[in-house]
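Colleague: need coordinates for the following:
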Amino acid sequence: MSDLILHHYKSSPFAEKIRRVLAFKQLAWQSVNIPPIAPKPDVEALTGGYRKTPILQIGADVYCDTALICDVLEHRQPTPSLSPPSHKGLARVLAQWGDTTLFAAAMAYNFQPQGTAQLFAKAPPGFAQAFVDDRAKMGGIAPRLRVPDATTAYKSYLRRIASMLEDQAFLVGNTPCLADFAVYAPLWFTRVNVSDIAGILDATSGVLSWMDRMAALDLGEAGRMTSADAIAVAAAATPVALADEVFQDDHGIPLGSQVRVHAESFGTEATEGELVAATRMHLTLRRVDARAGTVHVHFPRIGYVLQKI
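Modeller: Residues are numbered from 1 along each chain as shown. Purely as a prediction, here's the structure:
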């Protein structure tokens, strides 16, 4: 059984990003289905507060945010690589744009009334409003684009993506890279989950062809695991010994301090614990949970706030 455990739900665009990366790297994994909205007690047993989707669990180590998860999977399976050899920086910057600016415009467009009606057509009574209320609570300081403004931006971004694909199969060359998976995710949501308004994609045929190539990555069949079983895996494991990496002290907070970490904007629920690593790329907190035992929760540095308690 694979030790890679992905906590996710089917319609999550960021979960789709990681599912495609797992397919690209042909990695076996275990699937834990989690609720789309709070409460998420089993997720919070592992993370201590962070509740954005997805999270990746490996034993008693929990990785938050898809940017960091991609780095973890790249380290686990270096080939095929997510980083084009001569354009690593470009791929990262473009992926960050996909995860933030593009994502915000696309999802504001996707959640217009017609899209929302289709998305929740088969949901139980009251779920649509519960979802909207939940996302409003997670919003933090992130502004929400109005639908007309989002539509204008989304169309413009699609044209820019199309221009990148004029002479190559993928965004930074002829094989998928980090950028492709980040940019694909919100467009996938439009095409698959709110197809009634997916006509916005039709003006950029090159983008549709690229999406077909991304969709052709075989997802395979993940193993199934309950959230209770995943928590038991964490409780029975010990966090992996931390690598001897340079401590990057940008906050004046020494290792061993009690701290909280939260996202800068959307999904600002904080995780509290002991700061045990702060490298140039990530932060690691040690925390103890009554059900999950001692776990290490890892965050990327970019996009997250570190504060001493």
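Colleague: got phi/psi on Ser2?
Modeller: Here is the backbone geometry of Ser2 (degrees, to the nearest 10): phi -70, psi 150.
Colleague: in terms of secondary structure, what does the longest helix seen in the chain contact?
Modeller: Counting by DSSP state H, the longest helix found in the chain is helix 147-164. Here helix 147-164 touches helix 103-110, helix 205-215, going by 3 or more CB pairs under 8 Å, 6 or more residues apart in numbering; DSSP states H and E. Where you see a C-beta, it was placed from the backbone N, CA and C, and this is true even at glycine.
Colleague: ok now the last one, how far from the chain's centre?
Modeller: Counting by CA atoms, centre = their mean, to the nearest Å, helix 205-215 is centred 21 Å from the centre of its parent chain.
Colleague: and Ser257, which of the helices and strands packed on helix 147-164 is closest to it?
Modeller: Nearest to Ser257, of all the helices and strands packed on helix 147-164, is helix 103-110, at 32.4 Å by CB to CB.
Colleague: need the residues that contact that closest one.
Modeller: Applying CB atoms under 8 Å, 6 or more residues apart in numbering, the external contacts of helix 103-110 come out as 13, 115, 119, 142, 144-147, 149-151, 153-154, 157, 185-187, 189-190, 193-194, 197, 200.
Colleague: which of those residues are buried?
Modeller: Neighbour counting with 16 or more other CB atoms under 10 Å marks 13, 115, 119, 145, 147, 150-151, 153-154, 157, 185-187, 189-190, 193-194, 197, 200 as buried within these.
Colleague: and the angle from the longest helix of the chain to helix 205-215?
Modeller: Angle between the axes of helix 147-164 and helix 205-215 is 80 degrees (criterion: axes from the mean of the first three to the mean of the last three CA atoms, to 10 degrees).
Colleague: now the angle from helix 147-164 to helix 103-110?
Modeller: Going by the same axes, to 10 degrees, helix 147-164 makes 120 degrees with helix 103-110.
Colleague: now the very next helix or strand once past helix 147-164: mean pLDDT?
Modeller: Once the chain leaves helix 147-164, the next helix or strand it forms, by DSSP states H and E, is helix 178-193. Throughout helix 178-193, pLDDT has a mean value of 98.
Colleague: report the distance from helix 178-193 to the chain centre.
Modeller: Counting by CA atoms, centre = their mean, helix 178-193 comes out at 12 Å from the chain centroid.
Colleague: just to revisit the earlier point, winner for burial among the helices and strands packed on helix 147-164?
Modeller: Scoring those by mean neighbour count under mean count of other CB atoms under 10 Å gives helix 103-110 as the most buried, with a mean of 22.
Colleague: which elements pack onto the helix or strand following that one?
Modeller: Next in sequence after helix 103-110, counting helices and strands by DSSP H and E, comes helix 113-119. Using 3+ CB pairs under 8 Å, 6+ apart, the elements in contact with helix 113-119 are helix 127-138.
Colleague: my guess is Leu145 contacts Tyr154. True?
Modeller: No. If you go by CB atoms under 8 Å, Leu145 and Tyr154 don't touch, sitting 9.2 Å apart.
Colleague: end to end on stretch 157-175, go ahead and measure it.
Modeller: End-to-end distance for stretch 157-175, by CA to CA, to the nearest Å: 21 Å.
Colleague: residue contacts, the residue nearest to Ala117 when sequence neighbours are not counted?
Modeller: Using CB to CB, 6 or more residues apart in numbering and skipping residues adjacent in sequence, the residue nearest Ala117 is Asp196, 8.0 Å away. Residues near Asp196 by CB under 8 Å, 6+ apart: Gln114, Gly115, Ala117, Gln118.
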